[in-house]
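S.K.: fold the following and give me the result.
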Amino acid sequence: MPLSSLQAIDLTAIVRRLEEPAQGVLVRIINLLWPFFRITVSLAMITALWAHNANHALALTVFFTLLIFSAIPLVLMVIVWFRDGVSLEARLKRLQGLSPLSIDGVNYDLTDIQRVFKRVAARFGSAQHHQPPNTIERFAIAALFGAPLPLFILMIGLNPEPLANSSWLAHVLFALDIGFYYLLVGANGSRGKHAWARTVLNKWSRAVGYLTCLAATAVVVVVLFNVFPPTDKIDKDHPTASIPALAAFLFMLSPKLMGDSPNGSATDRMSADRRAPVLFLRSFEDEGMAAPSTMSWSDDGTSARFYIMVLLRHRLEQIGPVVAIADPANPEPVMFDAARSEIPDEKWRVVAADWMKSAAMIVMMGGRTQGAQWELRHIVFNGHLDKLLLLFPPHRDWRNVSAADRWNNILACFAGSPFYDELSKMDAQLIRAIAFTQSGQPVVFLSQTAVSTDYELAGMLGILTLLRQSGTGLRSTQAEAVRTA
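M.R.: As a prediction, the model looks like this:
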């Protein structure tokens, strides 16, 4: 396999320009006012308690005045968001005058990168046709989605005091339960003709289970309505009035009872979406790897952290359903990063190898465990490098694993490959992501920082690098999409 020299792309200057709004005047004002938020809330609570036995009107005035004052940081934060943009694409538009970024001979205009990405990923969005539901299946779907409404009406009709304030509260909470039910039973991420119906039918048993949980919640609420009659007052003198409302929260436990994951099942997603999947690989010890943000809203410098795969998923979903093997020891994985399915220990290598072969793209969080090393070696020596995006987690993660230790384990998987020597010369502290071109050239994205913007930008450019040289005819599509120097 011919191999050109490694290409290293330093994103430090670009990321620093993208992070400049975080150091703007309005944000500094927010940081100065942040301590007052906690102070004003504390004073408001103290004032309210004191005024219970004094001038109640004055207490309310002071209370709301303090709340309004404490909302100033939030208002200023919104101003920053609208002025400078929140998304990466919005911030990239401010890079006017910056020279195009060259990757593997193609120049990318970062101010127009969102349009470029959509054009390149468009070939993966072709509609897939699914078997249309028959009459019985249509009736079953209608029953599943129509049943909550008469259930809601029946619950209100059996309420002895449907117009009481506590009744309204219970009704609103049950309406939220119904909305949650539709989210659980409905089809997420389905594509193509009849895909939505197929997705719902594929999880028929779970849908019936959720409907049963919803009906059981309604029964409990109705019984409590009759045992503890609703009232217009919900206070310490009428504590039982809130019991039916609290019972409406029972349905929120249904995903636990059903053993369901908020991300959905990988096998269900691949059954509903016929496109080749995007496979997410990682060590289970690296589950939920996050990167810090330079946006600091507190006086002590604490910064928000963003899950790396959550930042990338909405782009990866344009290529195919994002799937992963579930960690059986972690029933509550990161939400909205990948659909998961549990695989028996004795079969996971076979399943992983099969998914690697069929995947449109493989996104891997470089790890140090034996399982992660086996996966990376399998990718390297089975011809899957041209669809691999290898992410390198922040060197200051929560387990204090050194960057050198992690990098040495990753390098060991490339031993014997033609680019091992070039990769071994890289500084592990600076690597954020690596993508491989079809010619075998590693494209390494570097940055002196390790914040969320680094990973989002490096991930997006890495995905573009892979898409540009995957599939027949894609190169010509890309040529139309990018602006060359």
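S.K.: what's the spacing between the nearest residue to Asp427 once chain neighbours are set aside and Lys118?
M.R.: Distances taken as Cβ to Cβ, 6 or more residues apart in numbering place Leu446 nearest to Asp427, at 7.7 Å, with adjacent residues excluded. Any C-beta I mention is one placed from the backbone N, CA and C, and that applies to glycine too. According to Cβ to Cβ, to the nearest Å, Leu446 stands 26 Å off from Lys118.
S.K.: equivalent analysis for Lys193, please.
M.R.: 22 Å.
S.K.: confirm Arg349 sits in a helix?
M.R.: Yes - assessed with DSSP: H, G, I helix; E, B strand; the rest coil, Arg349 lies in a helix.
S.K.: I'd guessed it sits against Met356; true?
M.R.: No - with contact defined as Cβ atoms under 8 Å, Arg349 and Met356 do not form a contacting pair (10.4 Å).
S.K.: between those two, who's got more neighbours?
M.R.: Per other Cβ atoms under 10 Å, whichever of Arg349 and Met356 has more neighbours is Met356, with 20 against 14.
S.K.: dihedrals phi and psi, the more buried one?
M.R.: Torsion angles at Met356 (phi, psi; degrees, to the nearest 10) stand at phi -60, psi -40.
S.K.: kindly report the same for the one 5 residues further on.
M.R.: Dihedral angles of Met361 (phi, psi; degrees, to the nearest 10) stand at phi -160, psi 150.
S.K.: do the same with Leu101
M.R.: According to degrees, to the nearest 10, Leu101 has phi -90, psi 120.
S.K.: and the chain, what are its domain boundaries?
M.R.: Dividing the chain into domains by automatic domain parsing, as the record does, gives the ranges 7-13+116-125+275-481, 135-258.
S.K.: pLDDT of the shortest one, averaged?
M.R.: Computed over domain 135-258, the mean pLDDT rounds to 83.
S.K.: just the terminal-to-terminal distance for that domain.
M.R.: Start-to-end span of domain 135-258 (Cα to Cα, to the nearest Å) is 28 Å.
S.K.: between Leu446 and Lys118, which one's more packed in?
M.R.: Taking neighbours as other Cβ under 10 Å, Leu446 and Lys118 compare with Leu446 leading, 20 against 13.
S.K.: what are the boundaries of the helices in the stretch 101-250 of the chain?
M.R.: 113-121, 135-146, 148-157, 165-185, 195-202, 204-227, 243-247 (DSSP state H, counting those that start in this stretch).
S.K.: including distance to Gln429, could the ones you listed go into CSV?
M.R.: Shown next, in CSV, are those (distance: least, Cβ to Cβ, whole Å):
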stretch, distance to Gln429
helix 113-121, 26
helix 135-146, 53
helix 148-157, 54
helix 165-185, 42
helix 195-202, 44
helix 204-227, 46
helix 243-247, 51
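S.K.: tell me which of these lies nearest to Glu375.
M.R.: Go through these one by one with Cβ to Cβ and the one that ends up closest to Glu375 is helix 113-121, at 24.8 Å.
S.K.: what about the closest one, distance to the chain center?
M.R.: Helix 113-121 sits 20 Å away from the centroid of its parent chain (Cα atoms, centre = their mean, to the nearest Å).
S.K.: quick one: average pLDDT of it?
M.R.: 83.
S.K.: who touches the residue nearest to Ala121 when sequence neighbours are not counted in this structure?
M.R.: Distances taken as Cβ to Cβ, 6+ apart put Gln318 closest to Ala121, at 4.2 Å, once the chain neighbours are dropped. Neighbouring residues of Gln318 by Cβ atoms under 8 Å, 6 or more residues apart in numbering: Phe117, Lys118, Ala121, Phe124, Gly125.
S.K.: tell me where the model's unsure across the stretch 1-150 of the chain.
M.R.: Applying pLDDT under 70 to the stretch 1-150 of the chain flags the ranges 1-4, 21-86, 97, 99, 125-129.
S.K.: please apply the same query to the stretch 301-450 of the chain.
M.R.: Answering for the stretch 301-450 of the chain: the residues below the bar, that is pLDDT under 70, span 301-304, 395-401.
S.K.: ranges for the strands of it?
M.R.: 303-307, 322-325, 339-341, 361-365, 388-391, 431-436, 442-446 (DSSP state E, counting those that start in this stretch).
S.K.: so how far is the longest one off the chain centroid?
M.R.: Computed by Cα atoms, centre = their mean, the chain-centroid distance of strand 431-436 equals 21 Å.
S.K.: what angle separates it from strand 361-365?
M.R.: 150 degrees (axes from the mean of the first three to the mean of the last three Cα atoms, to 10 degrees).
S.K.: other residues contacting strand 431-436?
M.R.: The contact list for strand 431-436, computed with Cβ under 8 Å, 6+ apart, reads 11, 385-386, 388-392, 403, 407, 423, 442-447, 450, 454-455, 458-459, 461-463, 465-466.
S.K.: what's the PyMOL line that selects buried ones from those?
M.R.: Provided next is the PyMOL selection string for whichever of the contacts of strand 431-436 are buried by 16 or more other Cβ atoms under 10 Å:
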select buried, resi 11+385+386+388+389+390+391+392+403+407+423+442+443+444+445+446+447+450+454+455+458+459+461+462+463+465+466
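S.K.: need the contact list for Met258.
M.R.: Met258 makes contacts with Arg206, Gly209, Tyr210, Cys213, as judged by Cβ under 8 Å, 6+ apart.
S.K.: could you dump these into a markdown table with neighbour count and distance to Arg340 added?
M.R.: Output for the contacts of Met258, formatted as a markdown table (neighbours: other Cβ atoms under 10 Å; distance: Cβ to Cβ, whole Å):
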| residue | neighbour count | distance to Arg340 |
| --- | --- | --- |
| Arg206 | 18 | 15 |
| Gly209 | 18 | 19 |
| Tyr210 | 23 | 19 |
| Cys213 | 21 | 22 |
